[in-house]
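Participant: A structural model of the following input is requested.
(4 chains, ligands or ions: 2)
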Amino acid sequence: MPLPAFDTPLIFETGQDGRANCYLPAGPALEELLPQDALRDELPLPDNSELDVVRHFTRLSQKTFGIDTAFYPLGSCTMKYNPRINDAMANLPALRDVHPFAPDHAAQGALAIMWELERALSSLFGMAAFSLNPAAGAHAELAALLIAKAYFKQKGEPQRNVVIVPDTAHGTNPASAAMVGFKVLSLKSDAQGRVDPEEMRKVVGPDTAVCMMTNPNTLGLFEPRIHEVSDVVHEAGGLMYYDGANANALMGNTRPGDMGFDLMHLNLHKTFTIPHGGGGAGAGPVGVAEHLVRFLPTPVVRAFDADGKDVNASGWRETADLSFALDFERPDSIGPMRSFWSNFAHMVRALAYTYANGADGLEQVSKLAVLNANYIRASIRDVIDVPYDEINRHEFVASAQTLKRETGVRALDIGKALLDRGYHAPTVYFPLIVPECLMIEPTETESKETLDEFIAALRDIVATAKTDPERVLETPINTAVGRIDETRAARQPDLRWRPA
Amino acid sequence: MPLPAFDTPLIFETGQDGRANCYLPAGPALEELLPQDALRDELPLPDNSELDVVRHFTRLSQKTFGIDTAFYPLGSCTMKYNPRINDAMANLPALRDVHPFAPDHAAQGALAIMWELERALSSLFGMAAFSLNPAAGAHAELAALLIAKAYFKQKGEPQRNVVIVPDTAHGTNPASAAMVGFKVLSLKSDAQGRVDPEEMRKVVGPDTAVCMMTNPNTLGLFEPRIHEVSDVVHEAGGLMYYDGANANALMGNTRPGDMGFDLMHLNLHKTFTIPHGGGGAGAGPVGVAEHLVRFLPTPVVRAFDADGKDVNASGWRETADLSFALDFERPDSIGPMRSFWSNFAHMVRALAYTYANGADGLEQVSKLAVLNANYIRASIRDVIDVPYDEINRHEFVASAQTLKRETGVRALDIGKALLDRGYHAPTVYFPLIVPECLMIEPTETESKETLDEFIAALRDIVATAKTDPERVLETPINTAVGRIDETRAARQPDLRWRPA
Amino acid sequence: MLRVIGVDSLDDLVRVPDAVALRAPVEVTPRLSEIEIAERFRRHAERTTAGAYTSFLGAGAYRHYIPPVVGAIAMRGEFLTSYTPYQAEVSQGYLQAIYEWQTYIALLTGLDIANASVYDGATALAEAVIMAVNATGRKAVLVSSAVHPNYRAVLRTYAEGLDLTVDELPYGADGRTDLSSLDAALADQRYAAVVVQSPNFFGAIDALPAGAAQKIKATKTVLIGVVAEAMSLAALATPASWGADICAGEAQSFGNAIAYGGPHVGFIAATTEHMRRIPGRLVGKSVDINGKTAYVLTLQAREQHIRREKATSNICTNQAHCALCATVYLAAMGKTGLRDCAALNVARTNELREKVTKLDGFGARFTGPTFNEVVVRVPGRAADVLEALEQKKILGGIDLARFYPELEDCILMTATELTSSADVDRLVTALSEIPVRAAARV
Amino acid sequence: MLRVIGVDSLDDLVRVPDAVALRAPVEVTPRLSEIEIAERFRRHAERTTAGAYTSFLGAGAYRHYIPPVVGAIAMRGEFLTSYTPYQAEVSQGYLQAIYEWQTYIALLTGLDIANASVYDGATALAEAVIMAVNATGRKAVLVSSAVHPNYRAVLRTYAEGLDLTVDELPYGADGRTDLSSLDAALADQRYAAVVVQSPNFFGAIDALPAGAAQKIKATKTVLIGVVAEAMSLAALATPASWGADICAGEAQSFGNAIAYGGPHVGFIAATTEHMRRIPGRLVGKSVDINGKTAYVLTLQAREQHIRREKATSNICTNQAHCALCATVYLAAMGKTGLRDCAALNVARTNELREKVTKLDGFGARFTGPTFNEVVVRVPGRAADVLEALEQKKILGGIDLARFYPELEDCILMTATELTSSADVDRLVTALSEIPVRAAARV
Ligand SMILES: Cc1ncc(COP(=O)(O)O)c(C=O)c1O
Ligand SMILES: Cc1ncc(COP(=O)(O)O)c(C=O)c1O
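Facilitator: Numbering: from 1, shown residues only, chains lettered A, B, ... in the order given. Ligands and ions are numbered 1, 2, ... in the order given. This next block holds a predicted model:
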């Protein structure tokens, strides 16, 4: 069996004329159908037999690390198990093949799914409504900031153009702000890694548009004074935005709505067990409080009962006797964020996950996620720095700062050594405020045995670093390739194969 | 990423109470439903989370070599590509979920598939009819010999109880003969590796029941005098049986029926691209000439046209306007060979493959299979013994006899060295008449590049054997485990895990 | 490539003597593209009622819930496209999975060992009988008539080859094997084996009473327990516990589709005493040259490729992939899932029995507890009732007249965890609407 | 575990201040078992017409044949459950696949480079415009009104954030962009980009004539070509060949399901000049410490996690798995399959056009060749015709009044390789049977 380390030539370097697979019935040639000048000259792509295609990608898959392979404690990414029932439901032909331009009455089942999910999310996170439109978390941030911009414009306060983000914030927060022309004000966290309402009071003002936060924050710490922060921002006339990447920490425990947030997004692919697929597709519903509902992106799914009564404001309910429509006529809406209505197949998955858990189950999910993260922290704090060594939520940050000083082994190296032992590395060097940071998020779907093995591996790596740092620095060696020359990749960019 | 070499504990050694997955709605406890003495005491099985199950088997799969992984030249097994369309068709819910006891009119589509396939096979191999009943090649051999036994009994020649098999025959041939109480007479091949009609004449007689052969034989050589052999056996009152394991060599070129065979089986899983699945399920249709049709196993699929006319004897035809019935009332039948009618899902796959090729395509399949095998032979004959160095069919045998004498490297070792380079080994030590035999069958689905790489690898192994035999003898080292202590396995059989 | 080989054309490679040239052109299907293939099978699929009708069919092929994880794992290419793991070094994954399967079957049946699979339940029985014949040297076998009729038919097919006599034990009013003639039958020690099935074809729990098992053993006769519904093993007393030396069964219920009857997967479990008589592949645990745990095919001296006509069986290709599906299923369900599933089967069948037999003219044909099947006595011919049900898109069960002429007013009905109360109610309503005349024609 | 952590209960771990305690109980769905989940989605699925109706819908979401090999490969767990390949050493497989995707898109569009994907076609256009804005420093963009209306709408959403002006070019009688006002528009060099789509929303091949492209370049304006139907790239002159500097497109047609609109997969290809302005991930080829070929995410200084508010885009999670499906699809189809497929699309659409426009009162609204879509003029309101077709289980196309009030008697119809002659004939028959009154109501 070719080991993962075996080389795999590019698909363009294999194949041969005459190896086409027979998928289609015979038909006329292009040249008989369209004028010559409308056609391209040649199509320089390879023809590979299906066997060679299968082998090629099977090998590539075996050189790819997934949750299905082993433990994947990548902080902030919630790499939890993706139940296979989700995929089975998303692949039901009558859901998979619905066309977005099918008339509403030909798509009632699809709309019902979207509506049920939207209602469930609204209740779970304390929002008045969600739009399932955005394609990922960052996309939802953009939508939310566009909503804020529209809101302030309508309110006659177009001067509000400052977005406040804590220095622990994810890079998408400031980047999204820039995309709506907002300025970014970075707020320093206090010694406890928290946002201090008093500090917030110092920076808010008549130009404050939005304060973007997450809770637990990206250090995994709960912000106990979040409601005070909200009050400060609200008093200054600003809006509070909740980055939902950490929603796995608090379901059924507290809600962004209850904490005073006006806007939020969810990374549905994180909290709601949608396969991350190598970096997407994700899904980023954007949720809003009552006063912002009218700005949500189009279209919005609306529900009516048997008497034609609008039941949108109701909580989740059975949908067999409801009928649904897509509403595009929303004059205050910021407009659509993408080609079609949502990453629908992922809505199916998320709803399947909601069905599989219910309110109690989701509450338990968050509790166990928090338990697992604290267990790892408590089990390694004696061998590695834990800058904020207190009860954390679903993730926490360790730091290799002392270790680096003593041995030269950095966070990066610990990550590589973990790869070598069959684990994925934690998120490294984020959040930016903790030097040599390792952000560890185990999720609730891992067993204690897995955590114990990981803890042992990590402890052993630290021990090795102290006695024989070279052995850590030269990792990984059990992987398909060793450490990669990133400078060369950036200095002499080779972004594609070219025909000889 | 855990390398394939990583250990995987048994599924019984993981898991924990409380890790049950939620597949089923709640229900009453067994104790409330059945009397205590009807129930078992305990069920000592593990509960594993779905994540742990997925990881366990994902790792096991990565330690398993398939056609999808790399080249698999396992002689006599026809490890060709299994098109994915086959599986997709077999998994259509309305085919996958038909119950064998559904009334015929509720299963017309399933019966149509069986009928179309049976008609196609009959024409392709020159038989009057096939039964799709047997589950594999060996099972079909048994069915065929039961047919022969019934035939001779009815003919008043119950004394015919000798089965003649060439010394190149597969082990299932004599083993099947034993299961119907027949004696086995092994016939020596001639110097050209063929069955000599004159030798056959010497052994046939009034006790001859069946002569079991395959053509090309298991050396991959075409038996040019097969019709003469048939004549001899027929003259002596015996029946000719064709072992269809090598059918991939001659489709559209010659037919067992044309060569004088009265009975035959097909290893549908070999020739008709059914995934071998780690050793099955296979499928072994048994075909017969006209005079043996009435003995076929039950049930038989019968077809009627719109007027109710029996159209069973027709060639393949469109089935939309035909109706079908399962016929169990066949007084001369040997009876059923298995619980239900056929390995139906595999009939779907085989018919899909037939559709994908048609007569011309199947003819081409065999030609290319023969081409590939000859190409390998011609490319290695200068470095390794090829005992029958002439045009072969879809496979051929090489021998490590000289190499062993000179270097101590055996056929087995060459196989292990090939594993180390990412290839599957050829079939070794079969057929029995060639010492240190390597039986190589590339199949038609391999590209010339793959063959060239394999040839280079094999040549390099032979070269290494000559310069540094130890390096070959210590292979494999790139595999999940090294060579295994088979003696210990057999002397101290450990066939199952036991609770501590 | 032709040049390397030294021929001028492809045709030169495959030239055959005139005497064996094609006598008639090959006429198979037309050659189609994938799109057209898919279209054809879509049309074939439209000609079945699967999915569209409510079904109460069972009798050896059971509709159980298969968690999607089973397919997601089992269809991985490495598993799907490998073959018999002759080269153990590159087949450790599959070998371990088979070792796990062998363990699951051993634990479920309560017996010492199990093989890597045989074709299906019926051939498992036939092979088990061969084991008994080889163990005892006797050439007859005594089989309960409540063993699945198809299994008995296959046994008779095999018996013809082996010159075995197959005798039968009748069934009693409780739907279990009537053992009153057992003593007499055992007297002259002519039977290699006694075969009973539990739950038997009527769904009845037919575990042999301790006394009977003792008598059988006392005459050195092998007791073979048949299990056609493997799900029952999660709930009922194990075949080993009621004395079976060998258990021959069908494990389709564990994660394998019904698929119009195949592929399914047979198993044989036995006491250690029978180890070297077991047919087919066996995977053993050993070590590699570095002392590392390793799995390998073992005890091959039983098999056809080594022993040829002296092998314990001719089986070569078995049902490995179905066994793999079963293993993944068993791992995912776990003991909790399996027990819950078994309980649901009993509960739904009890509900079915209660509701249907309350109807005028309907009754349970046999007394005594059943697993997930029940024989319902109907007013009139079963065939007529079933036909009337079909008009209402219900496949109501199996007309027992097909196998037991004396039971022509009986239907074998099955309910599993996939049978909902609504399904049962539809059946009951449909039955109550059948015109009395039609139903009571006889 | 609690002991190790040093707390007494799970609840201690998640205690929150009273001020943020739940204000109302969470009310989501009930908690269901898998069997029940499957049953619920089965009922949802019954409430769509997909599969039951013949469809001529397209307009940015196309029904193409997806060989089963695509799913078999792409659903492998390693691909499915991995995330952004930050740890390149254990992600070589996925990284190589993305590098191959980047190459496929570059080869198909004729441009130098392509990124690892963006959300979809509409956001690809918006991001491409941002690239042009950054390249030129200009704050306006000129877009053909024959660009997909949804794409234009999304561009306007984004433009609101960026304070961009979006102006439009009209379409002409041939269904192509009317370029007569182009010179005037370009005169004061205020546009960052000119945007045209080919095939455009009307299906028309709308490649820019060489003269127009030259003028655009002469004014240092970026020419953005939009491709909403990637299948056309296999047949038509590449965007690069008619002058596009950037190509923004949608590749759903390559092996991705329609799925009620998502996930689909956007791409951005560009000349090397724009390399450092491209949004999102880029995979580059490099070597590891042993000199072995290795792939890695590169040019990350463009991205949000490094550059934060100075990044070229905020995109983080993209549509990697859809791009993977596309890559497997492209590999399996090969150039032959793709060209044949493109040809079949044109042929079937020509057949549709011919047959439908022969009907009394029907006609082609625009002259000139199209790819796989055609705008059909109907007698009366399109909405009425479509409603009548639905009665006959046909989704006949898109009522253009939805986007172009002046085209209220026009339907955009799509035919692909999956549209059979029988489908077209059913449509024609249905159209011919629509009561003239209903059809001609206006
Ligand atoms: C804290 C945080 N915010 C925002 C995002 C952006 O979400 P997405 O990747 O779905 O665009 C991420 C994740 O990647 C994140 O971790
Ligand atoms: C020549 C030959 N005959 C018979 C058989 C037996 O077929 P099966 O394994 O399908 O029972 C085989 C294959 O394994 C074979 O190679």
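Participant: which regions of chain A sit below the pLDDT cut-off?
Facilitator: Across chain A, residues meeting the criterion (pLDDT under 70) sit at A:1-6.
Participant: the strands in it, which residues?
Facilitator: Taking DSSP state E, the strands of chain A run over residues A:129-131, A:162-166, A:183-187, A:208-213, A:239-244, A:263-266, A:286-288, A:300-304, A:323-327, A:396-399, A:427-428, A:437-440.
Participant: mind listing the helices for the stretch 201-350 of chain C?
Facilitator: Secondary structure of the stretch 201-350 of chain C by DSSP state H, counting those that start in this stretch: the helices cover C:210-218, C:304-307, C:320-357.
Participant: Tell me if the shortest one is near chain B.
Facilitator: Yes - counting by CB under 8 Å from any CB of the partner chain, chain B is contacted by helix C:304-307 at C:Q304, C:H305, C:I306, C:R307. Quick note: C-beta positions are derived from backbone N, CA and C, even for glycine.
Participant: which outside residues touch that helix?
Facilitator: Helix C:304-307 has contacts (CB atoms under 8 Å, 6 or more residues apart in numbering or on different chains) with B:138, B:170-172, B:174-175, B:430, C:300-301, C:311, C:313-316.
Participant: Quick check: the two most widely separated of those residues?
Facilitator: B:F430 and C:S313 (18.4 Å; CB to CB).
Participant: neighbour count winner among these two?
Facilitator: Legend: neighbour count by other CB atoms under 10 Å in any protein chain shown for B:F430 and C:S313, higher for C:S313 (27 against 19).
Participant: near chain B at all, stretch A:426-437?
Facilitator: No - taking CB under 8 Å from any CB as the criterion, stretch A:426-437 and chain B are apart, separated by no less than 15.9 Å.
Participant: Just the terminal-to-terminal distance for that stretch.
Facilitator: Distance between the two ends of stretch A:426-437: 9 Å, counting by CA to CA, to the nearest Å.
Participant: does it come close to chain D?
Facilitator: Yes - using CB under 8 Å from any CB, a contact is recorded between stretch A:426-437 and chain D, made by A:T427, A:F430.
Participant: just curious, which of the contacts of helix C:304-307 is nearest to chain D?
Facilitator: Of all the contacts of helix C:304-307, the one sitting nearest chain D is C:C316; the distance, using CB to the nearest CB, is 27.5 Å.
Participant: List the contacts of the closest one.
Facilitator: Taking CB under 8 Å, 6+ apart as the definition of contact, the neighbours of C:C316 are B:A136, B:G137, B:A138, B:H170, B:G171, B:T172, C:T84, C:Q304, C:H305.
Participant: what number of residues lie near the fourth one?
Facilitator: Going back to what we said before, that points to B:H170. Neighbours of B:H170 under the rule other CB under 10 Å: 26.
Participant: Identify the residues contacting it.
Facilitator: Listed by CB under 8 Å, 6+ apart, the contact partners of B:H170 are B:S76, B:T214, B:T218, B:D243, B:A245, B:F430, C:H305, C:C316.
Participant: Whichever residue of the stretch 301-442 of chain C sits closest to chain A and ligand 2: what is the separation?
Facilitator: Using CB to the nearest CB, the closest approach of the stretch 301-442 of chain C to chain A is made by C:A332 at 9.3 Å. C:A332 sits at a distance of 29 Å from ligand 2 (criterion: CB to the nearest ligand atom, to the nearest Å).
Participant: for chain A, what's the longest helix?
Facilitator: Across chain A, the helix with the greatest residue count (assigned by DSSP state H) is helix A:344-380.
Participant: hmm, it in reach of chain B?
Facilitator: Yes - between helix A:344-380 and chain B, judged by CB under 8 Å from any CB, the touching residues are A:A356.
Participant: Please apply the same query to stretch C:14-29.
Facilitator: Yes - under the criterion of CB under 8 Å from any CB, chain B is reached by stretch C:14-29 at C:14, C:16-17, C:19-29.
Participant: And stretch C:86-101, by the same measure?
Facilitator: Yes - with CB under 8 Å from any CB as the measure, stretch C:86-101 is seen reaching chain B through C:86-94, C:96-100.
Participant: ok, that stretch near chain A or not?
Facilitator: Yes - counting by CB under 8 Å from any CB, chain A has neighbours in stretch C:86-101: C:V90.
Participant: avg pLDDT for that stretch?
Facilitator: For stretch C:86-101, mean pLDDT rounds to 97.
Participant: Give me the distance between it and the centre of its chain.
Facilitator: On the basis of CA atoms, centre = their mean, to the nearest Å, the separation between the geometric centre of stretch C:86-101 and that of its chain is 24 Å.
Participant: Just the C-alpha atoms of that stretch, please, in PDB.
Facilitator: Extracted as PDB, the C-alpha positions of stretch C:86-101 are listed here (Å, rounded to 0.1, in the frame of the first residue of the first chain):
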ATOM      1  CA  TYR C  86      -3.600 -13.200   1.200                       C
ATOM      2  CA  GLN C  87      -0.900 -10.600   1.600                       C
ATOM      3  CA  ALA C  88      -1.400  -9.900   5.300                       C
ATOM      4  CA  GLU C  89       1.100  -7.100   5.500                       C
ATOM      5  CA  VAL C  90      -1.000  -4.800   3.400                       C
ATOM      6  CA  SER C  91      -4.300  -6.100   4.700                       C
ATOM      7  CA  GLN C  92      -4.000  -5.600   8.400                       C
ATOM      8  CA  GLY C  93      -7.100  -3.400   8.400                       C
ATOM      9  CA  TYR C  94      -9.400  -5.800   6.800                       C
ATOM     10  CA  LEU C  95      -8.000  -8.700   8.700                       C
ATOM     11  CA  GLN C  96      -8.500  -7.000  12.000                       C
ATOM     12  CA  ALA C  97     -12.100  -6.200  11.000                       C
ATOM     13  CA  ILE C  98     -12.700  -9.800  10.200                       C
ATOM     14  CA  TYR C  99     -11.200 -10.800  13.600                       C
ATOM     15  CA  GLU C 100     -13.600  -8.400  15.200                       C
ATOM     16  CA  TRP C 101     -16.500  -9.900  13.200                       C
END
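Participant: Now do the helices in the stretch 351-500 of chain A.
Facilitator: Assigned helices in the stretch 351-500 of chain A, in chain order: A:401-407, A:411-420, A:448-467, A:469-473, A:486-491 (criterion: DSSP H, counting those that start in this stretch).
Participant: so how many other residues sit close to C:T367?
Facilitator: By the other CB under 10 Å criterion, the neighbourhood of C:T367 contains 11 residues.
Participant: Just the C-alpha atoms of stretch C:226-244, please, in PDB.
Facilitator: This file holds the C-alpha atoms of stretch C:226-244, laid out as PDB (Å, rounded to 0.1, in the frame of the first residue of the first chain):
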ATOM      1  CA  VAL C 226     -30.100 -22.000  13.300                       C
ATOM      2  CA  VAL C 227     -30.600 -18.300  13.600                       C
ATOM      3  CA  ALA C 228     -32.300 -16.700  10.600                       C
ATOM      4  CA  GLU C 229     -32.900 -13.400  12.400                       C
ATOM      5  CA  ALA C 230     -29.600 -12.300  14.000                       C
ATOM      6  CA  MET C 231     -31.200  -9.400  15.700                       C
ATOM      7  CA  SER C 232     -32.700 -11.900  18.100                       C
ATOM      8  CA  LEU C 233     -29.200 -12.800  19.400                       C
ATOM      9  CA  ALA C 234     -29.200  -9.400  21.200                       C
ATOM     10  CA  ALA C 235     -32.100 -10.400  23.300                       C
ATOM     11  CA  LEU C 236     -32.700 -14.200  23.500                       C
ATOM     12  CA  ALA C 237     -30.800 -16.800  25.400                       C
ATOM     13  CA  THR C 238     -27.800 -17.700  23.300                       C
ATOM     14  CA  PRO C 239     -27.700 -20.900  21.200                       C
ATOM     15  CA  ALA C 240     -24.700 -22.000  23.300                       C
ATOM     16  CA  SER C 241     -26.800 -21.600  26.500                       C
ATOM     17  CA  TRP C 242     -29.400 -24.100  25.200                       C
ATOM     18  CA  GLY C 243     -26.800 -26.500  24.100                       C
ATOM     19  CA  ALA C 244     -26.000 -25.800  20.500                       C
END
